[in-house]
Every structure is written in structure tokens, then in C-alpha cells.
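# Next comes the sequence, and after it the predicted model I'd like to discuss.
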Amino acid sequence: MNLQVELASRKGSLILANPVMTASGTFSFGLEEGHAFNVQELGAIVTKTVTLRPRSGSPQPRTAETPAGMLNAIGLQNPGVDAVVRKMAPRWSRWRTPVIVSILGATVEEYGELAARLEGVEGVAAVEVNISSPNARRGGMEFGQEPDTAAAVTQAVVRNITLPVIVKLTPNVTDIADVARAVVESGADALCVINTLQAMAIDARSRRPAIASGFAGLSGPAIKPVALRMVYQVAAAVDAPIIGCGGIATGLDAVEFLLAGATAVQVGTATFANPRAPLDVLDGLRRFLDEEGVADIGELIGAAHERRPAESPATS
Ligand SMILES: Cc1cc2nc3c(=O)[nH]c(=O)nc-3n(C[C@H](O)[C@H](O)[C@H](O)COP(=O)(O)O)c2cc1C
């Protein structure tokens, strides 16, 4: 059974032994002692988003539960890119599993600067450009909501790094395909679809927003159908590998994203309820291939499109 997938081939290639990755912000930097499984069994690790300078994040409370999902406004708490390069990358360089560093700048120039700091760093296999965080006061989602700005950020990163560049898109847009096209035309090797949906919760007793900073990002099973639709839509719009993300908790969820056109998947919120979730997704995927007699995972990628083109009009 072949599970290997390729996320980039133009510059430095990015080949994963299997398509299951962790989602940014839900697995820290992959270095904790207490992980419930061997991290190196996964296809790749994506780190918490890293900024130029260390950040302490948003005030508490910054998470809340919702039916079938969670809200978070962590606010990009991280030790800053230099600490990541100095302290973490040397450990990753001994792994066979690629580590992808997620980056976020407050300006287009800062994105370029972050890429430059990660260029040539041993242990860093690729960057994931976060233009989709609803929790950054400056930068993040505002760069991903407009095709021209998304293109400018992508160009700034691509100019400063020879490593593969993945751009992570926000669902908080009118037409995600427009942004996807702009980003791929600007040199992105792959896309991650999607980050969280902007949302909120209100505490009836205190009569105040339940999250201190007001709005937050919704993730988990509640967003899976939205993520699946967007992967399907982006796959029809661009010729670049897509990493599906949003509510994936089982092998079957992963299969659905592959059929929609994803080449790989990321597991996020599911890890909080089940620390083995990424590995369970991988095991479930293997079982599905075995049961269905699929010899190569490539057979599944985009297969749902053959029967129903993405261009067909939406029903009401
Ligand atoms: C607690 C938490 C922190 C997150 N932090 C980040 C982050 O730093 N950067 C990022 O790009 N996405 C971040 N995300 C979004 C996830 O990577 C993912 O895109 C989203 O949660 C949807 O996938 P899921 O439903 O599997 O969690 C975070 C999500 C959660 C729940």
C-alpha cells in the first residue's frame, strides 16, 4: 500500500511518507515529552505559528466549548522565530518526519523577514504562511481576505526562501477560489484549507462575550462540511496540492477530504479530546485503503470530482 504524497516539487521537494499532519497551534512544536504516540509516525508536523518577536498571546479566557466544536483566541503565543531556530530546529534536524514552521507577520515585509530567518535552517522542511488567523491584531486574516494582499505576502515569502511554501487560507471570505488562484500564481507550492471560522460566544449570566478578546476562531467537527466544500472548490480552481484541515477526527474524515481534492490532511482540535487523534486518523486511513483494495492513495485524491464538477451551481 503506497501512502506517500508529494506537496512540493518545484524547489526543495516536500515528500511525506503518509498524508497525515498535525494542524498549527494544536501540537505546539512537537517536542513535548508526553506525546501520546511517536511523532515520527506522522507525515509531517506543523508548528504553532511563529512571529518575529516573542508573543504572550491574548488575555484569558481565550477558549470556549461549543456544540461540536471549540472557540479559541490564543492570540499567537510563541517564543519568536529566533528561539525556534536556535533551540528547536537542531532537534528537528535529527527527525525523519519533516517539520513545517508556520509564520505570521504584522506587515508584508515582516513575512519576508521571517522567511529569510528560516532560509537554510537545518531541521526546517518548509514554511506554512498563516494569512488566516482571526486572532492576530495586525496581520493574519486581514492579509488572506483580499487576493492582492494575499499575493503580496506570498511573493515576499517566496522571494526570501528556497524551501517549499504552503499558504494557509481563511474561510472568512466571499470567494476562497479567488484567493487561492492569486496565491498559487504568486509562487505558493501548496495550500492549506482552512483555518478557523470567525465566531463568538456570549455568557448569558455575565452578559459579556465569553472570550476576553471578543471574537474567536471556531474549529472542530462543526466546521468540517465547510472545510470540505472549500477544499472541493479550491481543487477545481488551482493546480497545486491542497492540505485539507477542519474537523478531521477519523480515517473516514481524511478519506472524504482526499476525495474532495486534498493531497494531505491536518488534524487539529480532535487532538485535545483524543491525544492520539492524528495516529488514529492514519490507522483509519490505512484500514479504509485495505478494505477498499486501494493500492495507492493517489487513486483517492480528487476522485469525487469525476462524478460532479465543482463548477455546477450551488443548490439552495
Ligand atoms: C487552540 C488552537 C490554536 C490554533 N493556533 C493556530 C495557529 O497558531 N496558527 C494557525 O495557522 N492555525 C491555528 N489554529 C487553527 C488550526 O490549525 C486549524 O486550522 C483549525 O483549528 C481547523 O482544524 P480543526 O477543526 O481540525 O481544529 C489553531 C486552532 C486551535 C483550536
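Structure's in. What do you need?

# Name the nearest residue to E113, sequence neighbours excluded.
Nearest residue to E113 in three dimensions, chain neighbours excluded: L52, at 6.2 Å (CB to CB, 6 or more residues apart in numbering). In this view, the C-beta of every residue, glycine as well, is placed from N, C-alpha and C.

# Correct me if wrong, but V167 is in a strand.
Yes: the assignment for V167 by DSSP: H, G, I helix; E, B strand; the rest coil puts it in a strand.

# got any ranges where this protein has weak pLDDT?
10-12, 307-316 (pLDDT under 70).

# Write out the residues of it neighbouring the ligand.
23-26, 48-49, 70, 72, 74, 76, 102, 130, 133, 168, 195-196, 219-220, 223, 245-248, 267-270 (CB under 6 Å from any ligand atom).

# okay, how far is it across stretch 241-248, tip to tip?
The first residue of stretch 241-248 is 18 Å away from its last residue (CA to CA, to the nearest Å).

# re the thing from before, so the residue nearest to E113 is in which element?
Under the criterion of DSSP states H and E, L52 resides outside all helices and strands.

# what separates the closest residue to A240 other than its chain neighbours from the ligand, distance-wise?
The spatially closest residue to A240, leaving aside those adjacent along the chain, is V184, at 4.8 Å (CB to CB, 6+ apart). V184 sits 18 Å away from the ligand, going by CB to the nearest ligand atom, to the nearest Å.

# give me the number of residues near V184?
Residues within reach of V184, counting by other CB atoms under 10 Å, total 20.

# can you check G293 too?
Here the number of neighbours of G293 (other CB under 10 Å) works out to 8.

# same thing with the one 3 residues further on?
Taking other CB under 10 Å as the criterion, the count of residues near D296 is 12.

# residues contacting it?
Residues counted as contacts of D296 (CB atoms under 8 Å, 6 or more residues apart in numbering) are M1, N2.

# one more time with 6 Å, if that's ok
Contact analysis of D296 by CB atoms under 6 Å, 6 or more residues apart in numbering lists N2.

# partners of it in the sheet?
D296 has these beta-bridge partners by DSSP bridges: N2.

# Show the backbone phi and psi for the residue in the stretch 101-250 of the chain that the ligand sits nearest to.
The stretch 101-250 of the chain approaches the ligand most closely through S219 (3.1 Å), counting by CB to the nearest ligand atom. Dihedral pair for S219: phi -140, psi 180, per degrees, to the nearest 10.
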